[in-house]
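Asks: with the sequence up front, the predicted model follows.
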Amino acid sequence: MPPSLPYRLPESTKEQIAFLKEILNLPYNVFDAYNNKPAISDEKAIQILTGVVLYHHLNRSQKHEVMSLLHSELRDRPAINLFITKITDPMVSSYWGLWAKSTDELLADLEFLEAISSALAFAGAGVTFDTFRDVYKAATKKKSYKRGHPVLIVLLYGFYYNNEGAKKAIQEELYSRARNH
């Protein structure tokens with residue numbers, strides 16, 4: 001069975017840190033010295049980064065260990081807050097932290113979003129300006145629809161583009177994982 005988060009880490013510790021910081025979209029200097037305090041060791045940096053990436057797949061005591069490590073090893077409050085934000089963002093919106101989802105979860109989400117795209121395409125929601133203009137003209141032709149329908153059309157197309165954006169983000173994450181192997 002393939003791993004649920006199939007990231008293959010580079011060989012060297014420095015490259016591993018750089019790779020994990022890239023996945024989490026962290027600043028390059030997040031582990032540097034601060035207020036005359038030395039920078040943390042590479043081993044602790046790896047522990048923190050892997051703990052954050054795997055946080056949502058850990059049991060309760062392991063999550064507590066990650067939080068304790070953050071508070072004991074990081075030197076400043078902004079860095080601690082940055083890592084806690086990385087942990088909590090996927091709780092707010094799962095699309096803010098696709099790196100935290102397992103491959104199976106990503107594939108299930110992609111399948112669901114594909115079904116929505118198919119339903120919208122079947123309903124006639126296209127992606128061109130011409131189709132948007134044609135639907136708008138048809139909807140506003142009758143006087144009784146003149147007030148409410150344009151808003152509904154904008155919402156429908158907004159939903160369509162949001163759905164397409166989420167699909168693209170999931171596909172890019174899956175590609176990144178596949179490319180990494």
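Replies: Sure, I can see it.

Asks: would you point out the helix or strand in this structure whose mean pLDDT is lowest?
Replies: For the chain, scoring each helix and strand by mean pLDDT, DSSP states H and E identifies helix 129-139 as the least confident one, at a mean of 64.

Asks: now do the buried residues in the helix or strand just after that one.
Replies: Past helix 129-139, heading to the C-terminal end, the next element that is a helix or strand (DSSP states H and E) is helix 149-179. Along helix 149-179, these residues count as buried under the neighbour rule (16 or more other Cβ atoms under 10 Å): 149, 153, 156-157, 160, 163, 166-167, 169-170, 173, 177. C-beta here means a position set from N, CA and C on the backbone, and glycine is covered the same way.

Asks: so which residues of the protein form helices?
Replies: Assigned by DSSP state H, the helices in the chain fall at 13-24, 42-54, 60-73, 77-92, 103-122, 129-139, 149-179.

Asks: just put the buried residues of helix 149-179 in JSON lines and tack on pLDDT and distance to E15.
Replies: As requested, these are arranged in JSON lines below (pLDDT from 0 to 100; distance: Cβ to Cβ, whole Å):
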{"residue": "H149", "pLDDT": "59", "distance to E15": "55"}
{"residue": "I153", "pLDDT": "67", "distance to E15": "49"}
{"residue": "L156", "pLDDT": "72", "distance to E15": "46"}
{"residue": "Y157", "pLDDT": "73", "distance to E15": "43"}
{"residue": "Y160", "pLDDT": "77", "distance to E15": "40"}
{"residue": "N163", "pLDDT": "81", "distance to E15": "36"}
{"residue": "A166", "pLDDT": "86", "distance to E15": "30"}
{"residue": "K167", "pLDDT": "89", "distance to E15": "31"}
{"residue": "A169", "pLDDT": "86", "distance to E15": "25"}
{"residue": "I170", "pLDDT": "86", "distance to E15": "26"}
{"residue": "E173", "pLDDT": "84", "distance to E15": "20"}
{"residue": "R177", "pLDDT": "76", "distance to E15": "17"}
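
Asks: W99 contacts V53, doesn't it?
Replies: Yes: between W99 and V53 there is a contact under Cβ atoms under 8 Å: 6.2 Å.
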